[in-house]
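Enquirer: heads up, no residue letters with this:
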């Protein structure tokens, strides 16, 4: 099969488009012919400096496609099923073998391209807001990186839960587009101190739930604009500054919480996100939730696609098509 691989981590130009051996299945796996690959922020971070399970390495969390074979112990999938899959790596390829427990059958009405944008962004957003953030009707949510996949998902989910939705983005044009998805108040973090803006918008109270996928210095500032008993859920370092030491001294006196979140652990250890992701696939299929696709590239242009994501120009998802 063809795949976008690399032999060492680094900038997007480490990618090579090469013939590699087909993936080896286990009895619990399904083998999928990949139709669309949704590039996640974690994919670019892993390529730039993450662990490589093997060399050459095939990066990638998420892709959709058609089942071409099933392991002997797999009961819920069959050859020809349209599916979307999640895994720690392996999506940037023409074929992918993945445990059946990390697959979802696609409902009628959803395309491969749409489906490749659902499990990680919508599963993460749902857990951050409701399972860990415990957001309630009438509360205020602050969504960082509103134009990202998780951001766009979280804005829609928070809005339909009847909460007040704030979000940050790098331009007023992006914030304007987010209003169509349910954003109530936008904050241009380039020209505005988002802590001061959140306090002003909420009459000094702050946000009840913050979904922070940016990390680094932004995470520290997120803690500064929490409401009394507010919950900040940290799920990544999309700001690419890396983790830093946090001053959490303000949390105790205000009965606030800082929560770490990783979807992969929940998929392994909890049945909740798997069922929720299935619901979100149905919602997208019926037009009740929107997937926003910015650009599509051939798999052979993986380097260009990753470079575009890292330029921070994308609004929504960027796809690779084998």
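Expert: Thanks, I have the structure now. Remember, it's a predicted structure, so these values are computed and weren't measured experimentally.
Enquirer: quick check: residue 131 touching residue 275?
Expert: No. Using Cβ atoms under 8 Å as the test, residue 131 is too far from residue 275 to be in contact (11.8 Å). Placement of C-beta: from N, CA and C, glycine included.
Enquirer: more neighbours: which of the two?
Expert: residue 131 (17 against 10; other Cβ atoms under 10 Å).
Enquirer: apart from its neighbours in sequence, what residue is nearest that one?
Expert: Once flanking residues are discounted, residue 131 sits nearest to residue 272: 6.4 Å by Cβ to Cβ, 6 or more residues apart in numbering.
Enquirer: same question, residue 224
Expert: residue 195 (4.9 Å).
Enquirer: can you pull up the most central residue in this structure?
Expert: In the chain, the residue lying closest to the centroid (Cα atoms, centre = their mean) is residue 121, at 3.2 Å.
Enquirer: residue 185 pairs with what?
Expert: Note on residue 185: beta-bridge partners residue 166, judged by DSSP bridges.
Enquirer: ok, it - contacts?
Expert: Going by Cβ atoms under 8 Å, 6 or more residues apart in numbering, residue 185 touches 164, 165, 166, 167, 201.
Enquirer: if I look at the residue lying closest to the fourth one once chain neighbours are set aside, how far off is residue 308?
Expert: Yep, that's residue 167 we're talking about. Spatial nearest neighbour of residue 167, excluding adjacent residues (Cβ to Cβ, 6+ apart): residue 146 at 3.2 Å. Taken as Cβ to Cβ, to the nearest Å, the spacing of residue 146 relative to residue 308 amounts to 19 Å.
Enquirer: so which of the two has more stuff around it?
Expert: Neighbours per residue, other Cβ under 10 Å: of residue 146 and residue 308, the larger number sits with residue 146, 28 against 18.
Enquirer: from what I see, that one and residue 155 are in contact.
Expert: Yes. Using Cβ under 8 Å, residue 146 makes contact with residue 155 at a distance of 6.1 Å.
Enquirer: quick check: neighbours shared by the two?
Expert: 167, 178, 183.
Enquirer: most neighbours among the residues you listed, which one?
Expert: Neighbour max across these (other Cβ under 10 Å) = residue 167, 31 neighbours.
Enquirer: let me see the contact set for residue 63.
Expert: Per Cβ under 8 Å, 6+ apart, neighbours of residue 63: 32, 34, 35, 36, 37, 38, 84, 85, 91, 96, 116.
Enquirer: phi and psi next, for the residue of the chain most remote from its centre.
Expert: Distance from the C-alpha centroid of the chain peaks at residue 253, with 32.3 Å (Cα atoms, centre = their mean). When read as degrees, to the nearest 10, the backbone of residue 253 gives phi -70, psi -20.
Enquirer: for the remainder of this discussion, apply numbering that starts at 77.
Expert: Noted, 77 is the first residue going forward, which turns the last one into residue 329.
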